[in-house]
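Participant: Give me a 3D structure for the following:
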Amino acid sequence: ITCSQAPGLNAQWDGGVHLRAAAHLNFTGRTALQADAAETRGIKKKFSFKIAREAEYHQADTAIIFADAEHCSKSRAVEDQLEDKVHALMMLAEENYEFIIQNIPEIVYKIDQGGRFVYLNNVVRSLGYEPEELIGKHFSILILPKDASRVSSSDVLPVYAGKKTGDEGAPKLFDERRTGPRMTSELEIRLLVKSDKSNNARTGPSSENLVYVEINSSGLYASCPRTQKRQFLGTVGIIRDITERRKLEEKLHQHQHYLEEQVAERTAELLEANRSLQVEITERKQSQEFSQDILSAMGQSLVVIGPDYRIITANKAYCELTGQPLDAIIGEKCFSSLYQKSECCFESDEDCPVKLTLTNGKKQTLVKHHLDKKGEMASWEMQCYPMHNGTGKIVSTMVIITDITAKSKLEKQLQQAQKLEAIG
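Facilitator: This next block holds a predicted model:
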């Protein structure tokens, strides 16, 4: 190569170098762009995965929220159903309680702080009054004036002011404020039977217009939420008719006096029997305990029996009658509890008032004679009443048991006295 050819060769060399440099730059640029695109695709892929995962979380949260809402809805529905059932049971209990109060053979009353009647059950109709016409009136309207002054707190308490009487000497009141062991029990007074007012105005009340009764009364209180002190609301009480018993006792005393004058030698046995009877009556009166519960204050035994002849509930008097605690009585068969039998009464061809009441839905009354645990003959008067549910179906039977053993003995003694009188 000559010197003259050198410039051309140099120019070609330079041109080739520039082309190779441009090609390299072009390859390097594409590589970079491809790398950027790959990185961008990777970022987009990661971002899409993140969005998809957040969407799944959002769907899961939404499902949980809906599930919680559905659970809350179901819980509210269950609470509403429970509330309805509780309300229905409370209404049924109130109806059963009112049914029992209206069907017991004793007058149940409640008076306010001023001595005015605020409640009377339908048994007051036996005195000729409707409960509605006595509501709001003072209790003295029912009592013989001579007796009213000795059983009203406004007349009696000033006389005892400052005196210590103890439980035995404490006054007995119709409008009692005391409770528990100090409440009034076995208060005997005379009540007026409603009759022609003009006739009473001329002649005054006759023995036919009077009813002898025995009263058990107790104060009624409520706790004040603010002061935590008891507030006196009034008095609740039970009035029991003892007219027939008083008449029998009076007749017995009359014949006893006559026999003492006519045949002294024959009176010893009768006097001994009478003294035993008086002791029995006194002991029975002293043994009676009354509480604030109206059912427990009843003189008769009360028991509720189901259609399977199992005892549902009973009052204190029934527990005393059978000599068993309440928890042992509930669930026991009635014939086992009352008579210690292993089979129903009707299966041994005996009359069963409980079965008749459950069958025909009517009140049944039956006198049962049987041997008690001491081997002595006892007489019970059993009154059975059907108890219905809200649909009118008979679901149980309320049985009121009255021990008429003493009454039967009195009647026999009276008959014996009359025979002795006839002999002479």
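Participant: all helices for the stretch 251-400 of the chain, in order.
Facilitator: 267-287, 316-322, 326-329, 334-339, 353-360 (DSSP state H, counting those that start in this stretch).
Participant: Now the weakest link among those helices, please, by mean pLDDT.
Facilitator: For the helices of the stretch 251-400 of the chain, mean pLDDT drops lowest on helix 267-287, to a mean of 74.
Participant: residues of stretch 413-424 that come out buried?
Facilitator: Of all the residues in stretch 413-424, those buried under the rule 16 or more other CB atoms under 10 Å are 413-414, 417, 420. For the C-beta atoms, the positions are set from N, CA and C on the backbone; glycine is no exception.
Participant: ok, now which ones touch the residue lying closest to Glu188 once chain neighbours are set aside?
Facilitator: Nearest in space to Glu188, with sequence neighbours left out and distances taken as CB to CB, 6 or more residues apart in numbering, is Glu214 at 5.5 Å. For Glu214, the contact set (CB atoms under 8 Å, 6 or more residues apart in numbering) comprises 186-188, 239-240, 242, 299.
Participant: Would you mind writing the ChimeraX command to select the buried ones in those?
Facilitator: Those of the contacts of Glu214 that count as buried under 16+ other CB under 10 Å are selected in ChimeraX with:
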select :187,239,240,242,299
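Participant: Need the contacts of Glu214 in a markdown table (columns: distance to Thr322, pLDDT and secondary structure).
Facilitator: A markdown table is the format used below for the contacts of Glu214 (distance: CB to CB, whole Å; pLDDT from 0 to 100; DSSP: H, G, I helix; E, B strand; the rest coil):
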| residue | distance to Thr322 | pLDDT | secondary structure |
| --- | --- | --- | --- |
| Glu186 | 23 | 91 | strand |
| Leu187 | 28 | 94 | strand |
| Glu188 | 28 | 93 | strand |
| Ile239 | 26 | 95 | strand |
| Arg240 | 22 | 93 | strand |
| Ile242 | 25 | 92 | coil |
| Gly299 | 16 | 71 | coil |
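Participant: Setting the sequence-adjacent residues aside, check what's closest to Leu259.
Facilitator: Leu259 sits nearest to Thr267 (CB to CB, 6+ apart), 5.2 Å away.
Participant: Verify the stated contact: that neighbour with Tyr258.
Facilitator: No - using CB atoms under 8 Å as the test, Thr267 is too far from Tyr258 to be in contact (9.9 Å).
Participant: And the two? Which one has more around it.
Facilitator: Ranked by neighbour count (other CB atoms under 10 Å), Thr267 and Tyr258 place Thr267 first, with 19 against 14.
Participant: Could you measure from the more buried one over to Lys355?
Facilitator: Taking CB to CB, to the nearest Å as the measure, Thr267 falls 47 Å from Lys355.
Participant: Now, the buried residues of stretch 413-424 that are in helices?
Facilitator: If you go by DSSP state H, those have 413-414, 417, 420 in helices.
Participant: Tell me the secondary structure at Pro158.
Facilitator: Classification of Pro158 using DSSP: H, G, I helix; E, B strand; the rest coil returns coil.
Participant: okay, it: pLDDT?
Facilitator: Taking Pro158 on its own, its pLDDT is 90.
Participant: Next: Asp372.
Facilitator: At Asp372 the predicted local confidence, pLDDT, stands at 71.
Participant: who's in contact with the nearest residue to it once chain neighbours are set aside?
Facilitator: The shortest distance from Asp372 to any residue other than its chain neighbours is 4.4 Å, reached at Ala378 (CB to CB, 6+ apart). Shown in contact with Ala378 (CB under 8 Å, 6+ apart): 369-372, 403, 405.
Participant: ok so, going back, return the member of the contacts of Glu214 nearest to Pro105.
Facilitator: Closest approach between the contacts of Glu214 and Pro105, by CB to CB: Arg240, at 8.3 Å.
Participant: Go ahead and confirm that closest one touches Val213.
Facilitator: Yes - between Arg240 and Val213 there is a contact under CB under 8 Å: 6.2 Å.
Participant: who touches both of those two?
Facilitator: The contact lists of Arg240 and Val213 share Ile107, where a contact means CB under 8 Å, 6+ apart.
Participant: Of the contacts of Ala378, which belong to strands?
Facilitator: Judged by DSSP state E, strands contain the following of the contacts of Ala378: 369-371, 403.
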